[in-house]
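Q: give the three-dimensional model of this entry:
(3 chains)
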Amino acid sequence: MPIITLTTDFGIKDHSVAAVKGAIYTELTSVNIVDISHEVPPFHSTEAAYIIKNAYHNFPKGSIHIVGIDSELTPENKHLAIFLDGHYFICADNGIMSLIAKEIKPEKIVEINIHDAVQTNFTVLDVFVRVAAHIFRGGTLEVIGKPIGQIKQIKNIEPVVLAQKNQLIGHVLYIDNFGNVVTNVTKKELLQMAKGRKVKIKARGIEFEKVYNSYSDAINFNEPKDKRVEDGKKIALFNASGYLELAIYRSNLTTVGGASSLFGLKLMSTININFE
Amino acid sequence: MPIITLTTDFGIKDHSVAAVKGAIYTELTSVNIVDISHEVPPFHSTEAAYIIKNAYHNFPKGSIHIVGIDSELTPENKHLAIFLDGHYFICADNGIMSLIAKEIKPEKIVEINIHDAVQTNFTVLDVFVRVAAHIFRGGTLEVIGKPIGQIKQIKNIEPVVLAQKNQLIGHVLYIDNFGNVVTNVTKKELLQMAKGRKVKIKARGIEFEKVYNSYSDAINFNEPKDKRVEDGKKIALFNASGYLELAIYRSNLTTVGGASSLFGLKLMSTININFE
Amino acid sequence: MPIITLTTDFGIKDHSVAAVKGAIYTELTSVNIVDISHEVPPFHSTEAAYIIKNAYHNFPKGSIHIVGIDSELTPENKHLAIFLDGHYFICADNGIMSLIAKEIKPEKIVEINIHDAVQTNFTVLDVFVRVAAHIFRGGTLEVIGKPIGQIKQIKNIEPVVLAQKNQLIGHVLYIDNFGNVVTNVTKKELLQMAKGRKVKIKARGIEFEKVYNSYSDAINFNEPKDKRVEDGKKIALFNASGYLELAIYRSNLTTVGGASSLFGLKLMSTININFE
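A: The predicted structure follows:
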C-alpha cells in the first residue's frame, strides 16, 4: 500500500494541512500519510526543491508525493504528475522538480487535465488529492493528464564553471535548522573538477582550506578536551545529502550562532571555490 | 474505524501532544490520530474556532475531534461532548464550537460528568482521551454526560448590519500563514445583503472595490508578465473557506510582507463593507 | 506491534525527520511512528531529557523511542540502546536518559557496536533506524551492542539540599509553551523535605508562599468574576509531570506575558526553597 507524503508552504497553525489529510482519508480509508515539511517559506520553490529531493528517496518505491507550493492553477502555472525513480510526484510546474530531474530523468510527465471536472480554489485539496487517490488505486497517469516532454527549471540551479576550469562559482541553496549553509555544489561536481588539486573556498571573506566528510571529522579527538577547538569551529564539509556545506561545529542559533548569521550568508549568496 | 483528531494550544515542542497520543494508543491499539493544529495561541478560542470549523468537515463522518484549548475544568468552564454534522467534538464550553454551531445545529450536547472517577490536572490527557475512547468503542454520549441545551458563544461573532441595510461592520477573525486577513463576514452573508449592489470595503483607510473568487482571479494573464501588477497586489476575495479575506497576491511575510502587516490589521480590527 | 517514537533537534522545516520516517517505512512496512518533539533546541540534552521523561510512559509498554539529539558518533559520544520500565530507548550517551534513570533503574544498557557495518554521516537515519527495526522484529539488545553498566549524567540534575535541611536550591529545568518555568525540584522531594513545614519559594526576588496542585486551584471561584485576580496571577504549583513550576495563570507570551519573561527566569536560573 503506497505512502502519501505532503510537502507544502501552508504552515502548521492553519487548518489547511489537516483539511488535505481529512480529504485523503475520506477518499482512501486505509492509507499512511507522512508530512515531509509544511514550513517551506511561502512560494519558495528552491527551498522546497532541496527538501523534497533529500526526503523522497528514503521512502519505499511507489510512494506518492504531493507538493503543494505555489500550486494555484494559472495559464503560466500548470499542474504536473511525474513518475521518476519509482516515485510519483504531484505538483505545479514551477521548478520544484528540477533539482531531482537534473540527476534522474523522469520516466513519465503528464500535464494534469481533470480541472474541468473540479470547481476549486484550494488546488491541493481538490485537484492533487484526487490525482493521488487515482494513482493510489493503481490508475495510470495518462488518464488524468496528457504526456509532455519538459518541465520548468529553477533559475541558476547549476554552479558556474569558469573557462579555465580553476574556479567554480556557486551559491547558497538552503539554510538548515542549525543555521548551516548548504551550497548548490555537489560533492560529485566538486571532486570531478578538483582532480586531486587543493580546494580553497571563499564566502564573504571567510576561507576554508579543507572539506571534511562529517562534522566530527573536523575535530581531533586525540587532543585533550580542554585544549581542542570544538564548539563554534567553522568547517566546510560534504553533508549527508552530498552537498558542500559551510557549518559551525555544534552550532546553536540562540547561543554560539549559526553559520548563516556568523558568516553573513543568505539564500543566493555567492560561494567561490578555487582549485590550485 | 473512526479517526481521532487533535487541536490544542500545547505547541509542538513540549511533551504534551505526544503524551496525549501515547495515552490514546494505550487505550486503543489500532487508531488513526491526525493533528489539526497545536499552534493555536494560548487560550485563544476564536482562532481555534476558525481552525476547527474549516478542518473537521473534510474528515470522514464519525470522526472524533478532541479540542484541548482552555480546557481546565472550573465551575465556569464545563466539559462538553457534542454530536454535530456526523462528527463528535470533545472540548470545554468556552465558545470554540459556536462558529460551527452558528451554521449547523448540534444534534446532541452533553456536559461531561465522569470527573469524579478521574483525578487529574491534565484534562485533555485524562478526561478527553477517556471520552474519545468511549465514543470510539461505540458508547453513547448519555453514558458520559448529561444532556444540555445551550453552549457558550464567542463574543461579537456576527458582523453588525446597520439598520439602513447599506453597511456591514465586521472584524478580523483570523490571520493565516501568509499574513492574509480573514474577516468574520461570510460570502453568503455578503451576497445576500449586497443584492446585486456594488460593494466597497474599507479597512484602516485601505479600500477594495471588487471581491474576487480566488487569488489568480485578480490577475490579468492576457497582459505581458512584465507589465502586469502581480506580486504584492492587494485584493479582496472569498477564500476557500467561504469567508471574505483581504490579501496580498503571493504574499510572503519575510519579503513583500503580508496583508496583516501591510494594512496594519490585527485580530478584531474593524472592517467596513458598504453597499451602493 | 510496537510504536516507534521520534525525539530530535532536527526542526520540522528540514527534510531530516521525513528522511528518518521514510527509512523506517522502508525497513518496516507496517509500523506506527509518533513524533514526540523535533523542536528540542540544538544539542540541548537537558530539555530533551525533560520532554522524553514526560512523554514516554504514556505510550504502551514495548514502545521503541529513538532520541536523535547530539547523536553523531565520536570517541566521547557512544551510542546506547536501553531497556527500562518496559520501554526501549536508542540514543547517544550524553545524559539524555539520566532524568529517567534517576527514578527508574535501567534493566539493560548496551553500547551499540554495529557501526562497522554502516557507513554514515546521518546517525539517526542509518544507525538508530537499523537498531529500532532490529528491536521491532524481536531482536535482543545483546546482538547489536555490548552490555555496559553506566550512562552519563546531566550536570547539576539534583537540587542541592543545605546541611541544615531548611533550604533546597534548585534551578530552571525547562520552559514550556506557555512560558511557565519548570524547576528541577519534584513534588516528592519537596514534600519529603518539608515534613509539614511552611514553604517559601524565591526566584529573582519574586516570592511564592503556597504551592497549588493545579492552575485553577489558585483561583477563588466563589468571588465574583470581576473582583477576583485571575489572568496574570503568579502561582507556584506542582505540574502534571510532578515538578515544581512557577507560572502565570492563563499566561500568553504575546499578551500578559509568561512566567519566564515576567520573572526574568532562564534555563539554569536559581530557585530557592525555604522551609520554616
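Q: excluding chain neighbours, what is closest to A:Ser251?
A: Taking CB to CB, 6 or more residues apart in numbering or on different chains, and ignoring the residues beside it in sequence, A:Ser251 has A:Gly258 as its nearest neighbour in space, at 4.5 Å. C-betas here are computed from N, CA, C, even on glycine.
Q: try A:Val34
A: A:Thr5 (4.9 Å).
Q: wait, what's in contact with A:Asn58?
A: The contact partners of A:Asn58, taken as CB atoms under 8 Å, 6 or more residues apart in numbering or on different chains, are C:Ala18, C:Ala19, C:Val20, C:Lys21, C:Gly22, C:Ala23, C:Thr26, C:Leu125.
Q: work out for me the element the third one sits within.
A: Meaning C:Val20. Under the criterion of DSSP states H and E, C:Val20 resides in helix C:16-27.
Q: what about the helices in the stretch 151-276 of chain A?
A: Applying DSSP state H, counting those that start in this stretch to the stretch 151-276 of chain A gives helices spanning A:187-194, A:259-263.
Q: ranking those by burial, who's on top?
A: Per-residue neighbour counts averaged over each of those give the maximum for helix A:259-263, namely a mean of 21 (mean count of other CB atoms under 10 Å in any protein chain shown).
Q: right, quick check: that helix against chain B, any contact?
A: No: for a cut-off given as CB under 8 Å from any CB of the partner chain, helix A:259-263 has no contacts with chain B; the smallest distance is 13.8 Å.
Q: I'd like to know how far A:Glu72 sits from B:Phe10.
A: Computed with CB to CB, to the nearest Å, the distance linking A:Glu72 and B:Phe10 is 32 Å.
Q: and those two? which has more neighbours close in?
A: Neighbour tally, A:Glu72 and B:Phe10, criterion other CB atoms under 10 Å in any protein chain shown: the higher count belongs to B:Phe10, 24 against 20.
Q: next up, the contacts around A:Asn77.
A: Applying CB under 8 Å, 6+ apart to A:Asn77 gives the contacts A:Asp70, A:Ser71, A:Ala92, A:Asp93, A:Asn94.
Q: A:Thr120: which of the residues you listed is nearest?
A: When the contacts of A:Asn77 are compared for distance to A:Thr120 (CB to CB), A:Ser71 comes out closest, at 10.9 Å.
Q: and the nearest residue to that closest one once chain neighbours are set aside, what pLDDT?
A: If you skip the residues right next to it in sequence, A:Ser71 has A:Ala92 as its closest partner in space, 4.3 Å away by CB to CB, 6+ apart. You'll see A:Ala92 listed with a pLDDT of 96.
Q: verify the stated contact: A:Ala92 with A:Leu80.
A: Yes: at 6.9 Å, A:Ala92 and A:Leu80 qualify as touching, with contact defined as CB atoms under 8 Å.
Q: near chain B, which residues of the stretch 1-150 of chain A?
A: A:9-16, A:18-23, A:25-26, A:29, A:41-44, A:70, A:72-76, A:120-122, A:125.
Q: list buried residues within these.
A: Judged by neighbour count, with 16 or more other CB atoms under 10 Å in any protein chain shown as the criterion, the buried members of these are A:9-16, A:18-23, A:25-26, A:41-44, A:70, A:72-73, A:121-122, A:125.
Q: could you list which of those also contact chain C?
A: Filtering those for neighbours of chain C using CB under 8 Å from any CB leaves A:Ile12.
Q: excluding covalently adjacent residues, which one is nearest to A:His57?
A: Take A:His57 and drop its neighbours on the chain: the residue closest to it by CB to CB, 6+ apart is A:Asp85, 6.7 Å away.
Q: residues near the one you found, how many?
A: Using other CB under 10 Å, A:Asp85 has 16 other residues around it.
Q: pull the CA atoms of stretch A:164-178 into PDB?
A: Written as PDB, here are the backbone C-alpha positions of stretch A:164-178 (Å, rounded to 0.1, in the frame of the first residue of the first chain):
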ATOM      1  CA  GLN A 164      40.000  27.900 -17.200                       C
ATOM      2  CA  LYS A 165      38.500  25.200 -15.000                       C
ATOM      3  CA  ASN A 166      40.100  26.500 -11.900                       C
ATOM      4  CA  GLN A 167      37.100  28.100 -10.300                       C
ATOM      5  CA  LEU A 168      33.500  27.100  -9.500                       C
ATOM      6  CA  ILE A 169      31.000  29.900  -8.600                       C
ATOM      7  CA  GLY A 170      28.100  28.500  -6.600                       C
ATOM      8  CA  HIS A 171      25.600  30.000  -4.300                       C
ATOM      9  CA  VAL A 172      23.600  29.300  -1.100                       C
ATOM     10  CA  LEU A 173      20.800  26.900  -1.900                       C
ATOM     11  CA  TYR A 174      19.400  26.200   1.600                       C
ATOM     12  CA  ILE A 175      19.900  27.200   5.200                       C
ATOM     13  CA  ASP A 176      19.100  24.300   7.700                       C
ATOM     14  CA  ASN A 177      17.700  24.100  11.200                       C
ATOM     15  CA  PHE A 178      21.100  24.600  12.700                       C
END
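Q: tell me which residues in that stretch are buried?
A: Along stretch A:164-178, these residues count as buried under the neighbour rule (16+ other CB under 10 Å): A:Gln167, A:Leu168, A:Gly170, A:His171, A:Val172, A:Leu173, A:Tyr174, A:Ile175, A:Asp176, A:Asn177, A:Phe178.
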